[in-house]
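J.: Here is the input, now give the coordinates:
(one chain, ligands or ions: 1)
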Amino acid sequence: MIIAVDGPTASGKGTIAKALAAHFGLPHLDTGLLYRAVGRQVFLSDGDPDKPEDALAATSFPDALLDDPHLRDEETGGLASRVSVHPAVRQALYERQRSFAMQEGGAVLDGRDIGTVIAPEAAAKLFVTASVEARAQRRFLEMRERGVHVTLLEIQDDLRRRDARDRSRAVAPLVPASDAMVIDTSALDREEAIAAAIDAVKSRLE
Ligand code: DC
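T.: Model (predicted):
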């Protein structure tokens, strides 16, 4: 069984995907991490994330980079959003995601285009969303805990910029699959969001 979980940054899709994987006993892949690794590799090799050839070269990042704590940084998220615009980068990462999705027994993948491009045949597709204000507030608390100094307004601006780029790109833009179930987590806490997601997947499997 393949479960596809798509949605914008800080919507709660990662938390939901992990919880679904634990609940249904499936392996989980956070595909955003692959794009973050490409963004980080461009930075480490002094490349330009907006240049398709530099971004493509960075797709051969070493596997060890996936454990780099800097992948979680806001700067790396911004770089990931920029490199993910290039069709050649998406193509280069396709096979890795596709084979993860197709493994025996199934998998949970979260990202932007899992239900539309990577695994259009997924048994259940969720599109997890939340207002910019709610997402910024969560990110703000998370960053404060990590000791990063940034204002709520700065986070909101950054989220809006990234949403616009992810939604308007020509290839695999961030849009819900036509058969996706939309979960708005703006007014839900962690446990409520997870419960809503499990219910949604169960209803699709019945
Ligand atoms: O989910 P995230 O914030 O870790 O993703 C970082 C960036 O990677 C996001 O702005 C767009 C890109 N991305 C993508 O284009 N397709 C995916 N399946 C996952 C992430």
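J.: Report the buried residues of whatever helix or strand Asp163 lives in.
T.: Using DSSP states H and E, the element containing Asp163 is helix 152-168. Using 16 or more other Cβ atoms under 10 Å as the test for burial, helix 152-168 gives 155-156, 158-159, 162-163, 165-166. For the C-beta atoms, the positions are set from N, CA and C on the backbone; glycine is no exception.
J.: Out of those residues, which are close to the ligand?
T.: Applying Cβ under 6 Å from any ligand atom to the buried residues of helix 152-168, one finds that 162, 166 fall near the ligand.
J.: picking that back up, and the helix holding Asp163, how far from the chain's centre?
T.: 14 Å (Cα atoms, centre = their mean, to the nearest Å).
J.: Likewise for stretch 60-75?
T.: A distance of 14 Å separates the centroid of the chain from that of stretch 60-75, by Cα atoms, centre = their mean.
J.: buried stuff in that stretch?
T.: Applying 16+ other Cβ under 10 Å to stretch 60-75 flags 61, 65, 68, 71, 73-74 as buried.
J.: Quick one: mean pLDDT over it.
T.: If you average the pLDDT over stretch 60-75, you get 93.
J.: That stretch: end-to-end distance?
T.: 20 Å (Cα to Cα, to the nearest Å).
J.: Go ahead and flag the most central residue of this structure.
T.: Gly111 (3.2 Å; Cα atoms, centre = their mean).
J.: Asp6 is in contact with that one, correct?
T.: Yes. In this structure, Gly111 is within contact of Asp6 by Cβ atoms under 8 Å, at 6.1 Å.
J.: Out of the buried residues of helix 152-168, the closest to His28 would be?
T.: Top of the list for closeness to His28, among the buried residues of helix 152-168 and by Cβ to Cβ, is Asp166 at 21.0 Å.
J.: OK, contacts around that closest one?
T.: Shown in contact with Asp166 (Cβ atoms under 8 Å, 6 or more residues apart in numbering): 8-9, 81, 84, 112, 173-174.
J.: List the ones among those residues that fall in helices.
T.: Among the contacts of Asp166, DSSP state H puts Ser81 in helices.
J.: my guess is Ala88 meets Asp54, correct?
T.: No. With contact defined as Cβ under 8 Å, Ala88 does not reach Asp54; the gap is 10.9 Å.
J.: These two - which one has more neighbours?
T.: Legend: neighbour count by other Cβ atoms under 10 Å for Ala88 and Asp54, higher for Asp54 (17 against 13).
J.: quick one: what helix or strand has that one in it?
T.: helix 52-57.
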